[in-house]
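Asker: Pasting the sequence and the predicted coordinates here, then a few questions.
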Amino acid sequence: MDYAQNLLITLPELILSIGAIALMMVAAFAGDGSTRTVGWIAVVLLVLAGIAATHAPASLNLPILGFENWGSAFGGLYKADAFSAFSKVLIYGSAAVAIIAGPDFFERRGGRLRAEYPVLILLSSVGMGMMVSASDLLTLYVGLELQSLAGYVLASFMRRDARSAEAGLKYFVLGALASGILLYGITLLYGFTGTTQFDTLATIVGAGPLSTGMLFGLVFALAGIAFKISAVPFHMWTPDVYEGAPTPVTTFFASAPKMAAMGLMIRLAVEAMGPAYESWRQIVIFSALASIVLGAVAAIGQKSIKRLLAYSTINNIGFALIGLAAVQPGRPDGVASVMTYMAIYLVMTVGSFLVVLQMRDSEGNNVETIASLSGLSRNHPGLAAAFAIFMFSLAGVPPLLGFWAKFVVFDAAVKAGLWPLAAIGIAASVISAFYYLMIVKTMYFDEPAPAYHRVESRIEGGLIAATALAVSPLGYFLIPALGLFSTQAAQALF
Amino acid sequence: MIQAFAFYLFAGLMILSAGLTITARNPVHSVLWLILAFFNAAGLMLLLGAEFIAMLLVIVYVGAVAVLFLFVVMMLDIDFAELRAGFTRYLGIGSVLAVALAAEIVIAVAVHSAGPIELSNRIGPTPATISNVQAIGELLYTRYLYVFEAAGLVLLVAMIGAIVLTHRTRRDDRAQNASRQIARRPHEATRLVNQPVGEGVEL
């Protein structure tokens, strides 16, 4: 395979990284006045990268678009397949929303948004693309680091704001610790198997029982990634960082990096450690149960909507991990259920955070308390309806799409014989339904609080409407396509 | 035999100095212990036959620590007169440490020439025919080119981040503004004053 062909397989990353460097120059010379332009170009680049991820051209001579031309590049460091394509579309989509939602928020907080914001999100997307395309421990680590490093900067983007700076510092220190743990696991895996490539790892792991060293390596690597998906017991940073970071950045954190880290975890667990699934399954089961229960219980007492959504993320990641626990050799439906879950979760979360972005008092300042949502249905019926749809959907109430996500995951768990896991999951989802419904109750039945500022941005309003429609019962029309794509994505790993 | 002895020497001293790095009360002492820890880590690398990484460890980490040392010295209020006061008192232990470090260097060189340590289960064998630097270079710029480039992007993000988080435009900026200088006319810059004798000048 010649060099150009290798590069073509990595076309999405190529588009994004070259675009990001070019936009960085624009940002440097045109100044902060160019933020919106740079942002829109970045969104276009993300769309192009998404197209490149799903339709990889075969070679320079044959510019025909087609799904068959995925493959492995750079001697097995990078892999483009249906799994990476599915994940990348979701990642780039969420990143684009975070870019679009950025400028208005920062302008309301006084001062322009610096033009580096879209550039950093683009570079983070390059890292996330590498993560879901990783077929080598080295690519995994470098991609993760690229994503996280941009994330640390984004978290403290409002550097004058003490909470934002605190969030950035906290995220950085804990993230560095998690990276250290992950790297330690990787060195152990490399030391005991002599390879960093996923397929060779799988062969060695499959050849005999897992040695203690490999097991330690696996545990450390999974712990490092569990930090990134904020699964219990590595979740502590999530509420603080979500609360402190600027809301558009929180929208980003809650969506794209979660998908990327989940994709990474699936790749590592299934592709590299597939034959040892009995070893990692207990870790995943523990983490899933702990995340579901903690996410459900700890959210109840929250006063800030951002903290509440952070616990909601932890809770949802737990449900997605149930699907991963259901993975068995030769049975891709567990992975397919995780992909379906994550896709629906991303839409619900992005929608919820877009509503949170509209929570502004009459002077246009952002408010984050749940109490300020009181009586929203009377002042802003549309916004209240959309938020109610997201909350019902996150709770998994049947006519909405969130129910389907949970159903698919539980179905996979039951088929894999994990009855108790599914039963506890259902019980905990009833607990979590409590606080989602509390919000709906606050919006519809409480005495009205002072009215919010009207929704100014048509684009954000349109995005809220679109995401709300997608998770409404109308979204069930999307299920055949979603099921097909996630099954294809899952089959690529087996 | 000498390899096993050297291994326990380096490993033991490294753990000891790493422990002292975090327990030492004086930050300058901490930094010095850290340097000792790095030297011992470099010794371990030599033992494995990875002389290039050993040298990198000394140059990069000890070099970086030297800069860190400067920062510590600049930012903390450390009384150097007090530090120097105990020169004769600490001369004994100081010379013991110096001799230990010198002995370590001799041992490391001796061990390196005696050949790398025989690991019971060595999965990645060191190629005997080519040197370390060549082996790393051949892999880094061919097989691992992709991650190498990505590491470059990581550094780029670090640079953008540092600038975004710390750079600000100052209002009392004295940068030269050439167009303003050229556009200036004589009547804006100079003034004719009919100055009466015996009175102060109004500027």
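Answerer: Sure, I can see it. Numbers count the residues shown, from 1 in each chain, chains lettered A, B, ... in the order given.
Asker: any chance you could map the helices in the stretch 201-350 of chain A?
Answerer: Taking DSSP state H, counting those that start in this stretch as the criterion, the stretch 201-350 of chain A contains helices spanning A:212-228, A:237-244, A:247-266, A:277-298, A:305-325, A:333-357.
Asker: what's the residue most central in space within chain B sitting at in phi/psi?
Answerer: Chain B has B:A64 as the residue nearest its centroid, 0.4 Å off, counting by C-alpha atoms, centre = their mean. Here is the backbone geometry of B:A64 (degrees, to the nearest 10): phi -60, psi -40.
Asker: How much space separates it from B:N194?
Answerer: Distance from B:A64 to B:N194, counting by C-beta to C-beta, to the nearest Å: 67 Å. Quick note: C-beta positions are derived from backbone N, CA and C, even for glycine.
Asker: re earlier: figure out which of the helices of the stretch 201-350 of chain A is closest to chain B.
Answerer: The closest of the helices of the stretch 201-350 of chain A to chain B is helix A:212-228. By C-beta to the nearest C-beta, the value is 9.7 Å.
Asker: Point out where chain A drops to low pLDDT.
Answerer: For chain A, the stretches with pLDDT under 70 are A:1, A:56-69, A:110.
Asker: Kindly recompute the last result at 50.
Answerer: Along chain A, the parts satisfying pLDDT under 50 run over A:59-68.
Asker: What parts of it come near chain B?
Answerer: Within chain A, the positions adjacent to chain B are A:6, A:10, A:17, A:21, A:24, A:73-75, A:77-78, A:114, A:116, A:119-120, A:123-124, A:126-127, A:130, A:136, A:138-139, A:142-143, A:145-146, A:149-150, A:152-153, A:156-157, A:159, A:168, A:191-194 by C-beta under 8 Å from any C-beta of the partner chain.
Asker: Which ones among those map onto helices?
Answerer: Using DSSP state H, the subset of those located in helices is A:6, A:17, A:21, A:24, A:116, A:119-120, A:123-124, A:126-127, A:130, A:138-139, A:142-143, A:145-146, A:149-150, A:152-153, A:168, A:191-193.
Asker: Only the buried subset of these, as a PyMOL command please.
Answerer: Applying 16 or more other C-beta atoms under 10 Å in any protein chain shown to these, the buried members can be selected in PyMOL as follows:
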select buried, chain A and resi 6+17+24+116+119+120+123+124+126+127+130+138+139+142+143+145+146+149+150+152+153+168+192+193
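Asker: Apart from its chain neighbours, what residue comes closest to A:M128?
Answerer: Distances taken as C-beta to C-beta, 6 or more residues apart in numbering or on different chains put A:A260 closest to A:M128, at 3.7 Å, once the chain neighbours are dropped.
Asker: Could you count how many residues lie near that neighbour?
Answerer: Neighbourhood size, A:A260 [other C-beta atoms under 10 Å in any protein chain shown]: 30.
Asker: now A:V367
Answerer: That count, for A:V367 with other C-beta under 10 Å as the rule, works out to 17.
Asker: Repeat that for the one 10 residues further on.
Answerer: By the criterion of other C-beta under 10 Å, A:S377 has 21 neighbours.
Asker: Tell me how far it lies from A:K441.
Answerer: As judged by C-beta to C-beta, A:S377 and A:K441 stand 11 Å apart.
Asker: Domains in the chain, by residue range?
Answerer: Here I'm looking at chain A. A:1-272, A:278-494 (automatic domain parsing).
Asker: sorry, should have said chain B
Answerer: Split by automatic domain parsing, chain B gives B:1-78+B:96-118, B:126-167.
Asker: Make JSON lines from those domains and add mean pLDDT to it.
Answerer: Putting the domains of chain B into JSON lines (pLDDT from 0 to 100) gives the following:
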{"stretch": "domain B:1-78+B:96-118", "mean pLDDT": "81"}
{"stretch": "domain B:126-167", "mean pLDDT": "87"}
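Asker: now for these, which one comes closest to A:D333?
Answerer: Among these, domain B:126-167 comes nearest to A:D333, with 32.3 Å by C-beta to C-beta.
Asker: From the chain's centre, how far out is the closest one? Work that out for me.
Answerer: The chain centre lies 18 Å from the centre of domain B:126-167; the measure is C-alpha atoms, centre = their mean, to the nearest Å.
Asker: Show me which residues of chain B sit near chain A.
Answerer: Contact residues, chain B versus chain A (C-beta under 8 Å from any C-beta): B:123-124, B:143-147, B:150-151, B:153-154, B:156-158, B:160-161, B:163-165.
Asker: Name only those of these that count as buried.
Answerer: Buried members of those, scored by 16+ other C-beta under 10 Å, are B:144-147, B:150-151, B:153-154, B:156-158, B:160-161, B:164-165.
Asker: still on that earlier bit, out of the helices of the stretch 201-350 of chain A, which is closest to A:Y452?
Answerer: helix A:333-357 (10.4 Å).
Asker: For the closest one, name the packing helices and strands.
Answerer: When contacts are defined as 3 or more C-beta pairs under 8 Å, 6 or more residues apart in numbering or on different chains; DSSP states H and E, helix A:333-357 sits against helix A:82-108, helix A:247-266, helix A:305-325, helix A:381-395, helix A:401-415, helix A:458-471, helix A:479-491.
Asker: The longest one packs against which elements?
Answerer: Put plainly, it is helix A:82-108. Contacting helix A:82-108 under the criterion 3+ C-beta pairs under 8 Å, 6+ apart are the following elements: helix A:35-54, helix A:116-133, helix A:247-266, helix A:333-357, helix A:458-471, helix A:479-491.
Asker: same question, the shortest one
Answerer: The contact analysis (3+ C-beta pairs under 8 Å, 6+ apart) places helix A:479-491 against helix A:82-108, helix A:333-357.
Asker: Can you mark which positions in the first one are buried?
Answerer: Spelled out, that is helix A:82-108. A:82-106, A:108.
Asker: Equivalent analysis for the shortest one, please.
Answerer: Taking 16+ other C-beta under 10 Å as the basis for neighbour counts, the residues of helix A:333-357 that come out buried are A:333-357.
Asker: and the next element down the chain from it?
Answerer: helix A:376-379 (DSSP states H and E).
Asker: Only the C-alpha atoms, please, for that next one, written as PDB.
Answerer: Only the C-alpha atoms of helix A:376-379 are listed here, as PDB (Å, rounded to 0.1, in the frame of the first residue of the first chain):
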ATOM      1  CA  LEU A 376     -41.600  27.800  32.400                       C
ATOM      2  CA  SER A 377     -44.600  26.300  30.600                       C
ATOM      3  CA  ARG A 378     -46.500  29.500  31.100                       C
ATOM      4  CA  ASN A 379     -43.700  31.900  29.900                       C
END
